[in-house]
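Enquirer: Below is the sequence, then the predicted model.
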Amino acid sequence: MTPYQYTYQNPIRYIDPTGMSAEDGGGDPDDKRITDFYESKPNNSGGRTLTKTHSSMGTTKSGYNESFVNVVDDKGFNIDTFTGSNAVSSYMSKYGTPSDVNIKISDDLSGFERTMYAVGEVTYIALTDPVTSTIIFAPLEAVVAAKTLKDLNNISKATRAYKIGETGKMGEQILKGLGGQSQVRYTTSTGARVIDQLVGKVAHESKVGYTSLTRDIQKQIAKDVELINAGKINSSTWHFFKSPVTGQGGASKPLLQELTSKGINYIIH
């Protein structure tokens with residue numbers, strides 16, 4: 001342990017009486033919550049491996065589940081930290097989505113390739129069967145709790161199998177973690193616009209895989225602009241997720257420029 005990791009840099013909230021491991025210090029908070037602890041370190045492929053090391057039960061006045069991500073260099077020294085209910089999302093915004101995720105899961109799932117996604121407080125794992133290309137997509141805690149592949153499908157309502165061409169539904173499932181309403185239909189002067197996830201008056205659009213500025217995409221952008229100008233929505237945010245099947249993600253430069261010029265936000269996960 002380096003001096004920079006002592007009590008996870010938060011001695012008000014944690015204590016370390018033995019000098020070996022941090023513990024929740026208690027205090028006067030009101031509600032139970034769980035904190036998940038992760039470590040991110042370089043791997044041989046030039047990326048980073050995100051490992052869930054452990055979880056602890058504590059208390060907080062907010063009652064929210066939280067996370068702590070400790071980022072280390074190749075020598076194990078701390079170079080960055082993320083804390084709070086959006087810790088994993090914040091980590092991914094800066095370092096990218098890790099394709100190499102280490103968590104303890106059942107033998108039935110151990111051979112699956114793993115990619116982690118995060119939206120707000122919800123962390124998801126996409127497990128890809130390298131033989132059939134079938135994807136099981138579920139919240140992280142459901143994957144950890146599952147004893148068998150059958151258990152996982154029974155535990156999580158967010159779980160279903162995807163193949164190439166169907167992964168768009170996966171992105172929509174991720175956005176459900178934001179809350180609000182799914183698949184909200186509006187009428188515009190050029191036809192219907194279906195919002196993947198409407199949170200308050202903020203529209204969220206999901207795109208999975210590499211996305212270019214096609215004619216259909218231009219029409220979607222124009223519809224969002226019309227809805228904003230009409231006051232039906234306050235703003236629109238487009239989310240670009242990497243496809244667990246093809247490994248491709250993001251958006252073309254012309255598309256990002258078009259979104260920016262039209263005042264539409266975007267997040268590349």
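Expert: Received the coordinates, thanks. Predicted, not measured: the structure shown is a model, and the values here were computed from it.
Enquirer: can you pull the contacts of A87?
Expert: If you count contacts by Cβ atoms under 8 Å, 6 or more residues apart in numbering, A87 has them with Y38, E66, S67, F68, V69. Glycine gets a C-beta too; all of them are placed from N, C-alpha and C.
Enquirer: of the residues you listed, the lowest pLDDT goes to which?
Expert: Among these, E66 has the lowest pLDDT, at 72.
Enquirer: Would you check that that one makes contact with S85?
Expert: Yes: E66 is within contact range of S85, at 5.3 Å (criterion: Cβ atoms under 8 Å).
Enquirer: which of the residues in stretch 253-269 are buried?
Expert: Residues of stretch 253-269 classed as buried by neighbour count (16 or more other Cβ atoms under 10 Å): L255, L256, E258, L259, I264, Y266, I268, H269.
Enquirer: and the end-to-end length of that stretch?
Expert: Taking Cα to Cα, to the nearest Å, stretch 253-269 runs 16 Å from one end to the other.
Enquirer: try stretch 262-269
Expert: 21 Å.
Enquirer: Could you do stretch 229-240 as well?
Expert: End-to-end for stretch 229-240, by Cα to Cα: 24 Å.
Enquirer: what is the mean pLDDT for that stretch?
Expert: In the prediction, stretch 229-240 has an average pLDDT of 93.
Enquirer: Confirm I174 sits in a strand?
Expert: No: going by DSSP: H, G, I helix; E, B strand; the rest coil, the assignment for I174 is helix, not a strand.
Enquirer: Tell me the pLDDT of it.
Expert: Per the predicted model, pLDDT is 76 at I174.
Enquirer: Can you find the helix or strand in this protein with the smallest mean pLDDT?
Expert: strand 161-162 (a mean of 48; mean pLDDT, DSSP states H and E).
Enquirer: Which residues does the nearest residue to N102 once chain neighbours are set aside form beta bridges with?
Expert: Distances taken as Cβ to Cβ, 6 or more residues apart in numbering place T51 nearest to N102, at 4.1 Å, with adjacent residues excluded. On the basis of DSSP bridges, T51 is bridged to E39, N102.
Enquirer: For stretch 129-144, give the mean pLDDT please.
Expert: Computed over stretch 129-144, the mean pLDDT rounds to 69.
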